[in-house]
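In: Make a model of this:
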Amino acid sequence: MKRLSSLFISLALLAGCVQPGGPSAGVADPLAADSDARQRARTFTDLATAYYARAQYKVALDELRKAITLESRYGPAYNVYGLIYMELAEDKLAEENFRRAIDLDRADSDARNNYGWFLCTRGRHDEGLEQFAAALRNPLYAQPERAMANAGQCAEMKGDLALAESNFVKSLKLQPDNAATLLHFASLRHRQGRLSEAQRLLSRYDELAPPSAASLWLGVRIERRLGDRSQEAAYGLQLRKRFPDSNEARLLLSGQYE
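Out: Here you go, the predicted structure:
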């Protein structure tokens, strides 16, 4: 799974800090103790998130165990558990943890976005789209463009190209320079036969991000259908030189353009 390049996972964790003030010295305050445990759980979850991003899953799981030991109802920890188990193809554990995160906070749009992506990549497209919709119903969701972009990919996997288009358009209105979304939308436009738009979107992607095997392969196919053999050859040359072992390069060499 091309986790970091092809989807928008949500790793936003609960923010905030313990407010100053409190009971007089020598008097135990259970609320303060609970708040301290939650803050420490957050710290361990932040560490787990960093290890997850570096694919150090074992260490990340160790940090999450510490978080849950301190605060068993700390939802963001279960969200990260879900992401790790999804990467490890432990689907039952991934789903259990995503659902636990959501049960603890029904308004956790980050967990819903991640769970939605999990469901879509397992072929459960309608369930995934429901999770994205639930995430977007939260007016306080800080990054709705993520769920919109993921919903676009999920809808395209399902074969609903109109819904995919709608979600990509909405996502790009909120974040017009997101390279990953531009590339996915360019691919959709190519699939729809709207080649000039696909070409324009891919050009914008090229301004924002370095070439990838996926972007170069898309360029080859767009220019081939437009009849620009020179530009097709230029994309193909870059693909063979930069990513000779990629699946896209193998498709190019075998002539499987569609």
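In: for the stretch 151-258 of the chain, what spans make up the helices?
Out: 161-174, 179-192, 195-208, 213-226, 229-242, 247-254 (DSSP state H, counting those that start in this stretch).
In: distance of residue 200 from residue 62?
Out: According to C-beta to C-beta, to the nearest Å, residue 200 stands 47 Å off from residue 62. Bear in mind the C-beta positions are built from the backbone N, C-alpha and C, glycine included.
In: What of residue 46?
Out: 14 Å.
In: again with residue 37
Out: Residue 37 is 18 Å from residue 62, by C-beta to C-beta.
In: quick one: which helix or strand includes residue 127?
Out: Using DSSP states H and E, residue 127 sits within helix 125-136.
In: which helices and strands does that helix pack with?
Out: Using 3 or more C-beta pairs under 8 Å, 6 or more residues apart in numbering; DSSP states H and E as the contact test, the elements touching helix 125-136 are helix 109-121, helix 144-158.
In: want to try TSV for these, with mean pLDDT, mean neighbour count and distance to residue 138 as columns?
Out: Output for these, formatted as TSV (pLDDT from 0 to 100; neighbours: other C-beta atoms under 10 Å; distance: least, C-beta to C-beta, whole Å):
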stretch	mean pLDDT	mean neighbour count	distance to residue 138
helix 109-121	98	27	5
helix 144-158	98	24	8
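In: hey, which helix is longest across the protein?
Out: helix 30-53 (DSSP state H).
In: distance between the next helix or strand along the chain from that one and the chain's centre?
Out: The element immediately downstream of helix 30-53 (helix or strand, assigned by DSSP H and E) is helix 57-70. Averaged C-alpha coordinates place helix 57-70 at 22 Å from its chain's average position (C-alpha atoms, centre = their mean, to the nearest Å).
In: can you state the direction angle for the helix holding residue 127 and helix 161-174?
Out: 30 degrees (axes from the mean of the first three to the mean of the last three C-alpha atoms, to 10 degrees).
In: List the buried residues in helix 125-136.
Out: The neighbour-count check on helix 125-136 (16 or more other C-beta atoms under 10 Å) flags 125, 128-129, 131-132, 134-136 as buried.
In: cool, and stretch 49-65?
Out: For stretch 49-65, using 16+ other C-beta under 10 Å, the buried residues are 49, 51-52, 57, 60-61, 63-64.
In: burial of the spatially closest residue to residue 199 that is not a sequence neighbour, as a residue count?
Out: Distances taken as C-beta to C-beta, 6 or more residues apart in numbering put residue 222 closest to residue 199, at 5.4 Å, once the chain neighbours are dropped. Per other C-beta atoms under 10 Å, the neighbour tally for residue 222 reads 23.
In: Just the pLDDT at residue 222, thanks.
Out: With respect to pLDDT, residue 222 scores 98.
In: and what of residue 35?
Out: 84.
In: With the one 3 residues further on instead?
Out: Looking at residue 38, its pLDDT is 91.
In: show me what contacts it?
Out: 70-71, 74 (C-beta atoms under 8 Å, 6 or more residues apart in numbering).
In: one step back: got the helices of the stretch 151-258 of the chain as TSV, with distance to residue 120 columns?
Out: Below are the helices of the stretch 151-258 of the chain laid out as TSV (distance: least, C-beta to C-beta, whole Å):
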stretch	distance to residue 120
helix 161-174	12
helix 179-192	13
helix 195-208	22
helix 213-226	18
helix 229-242	27
helix 247-254	21
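In: hang on, the earlier thing: between helix 57-70 and the longest helix of the chain, find me the angle.
Out: Using the same axes, to 10 degrees: helix 30-53 against helix 57-70 is 170 degrees.
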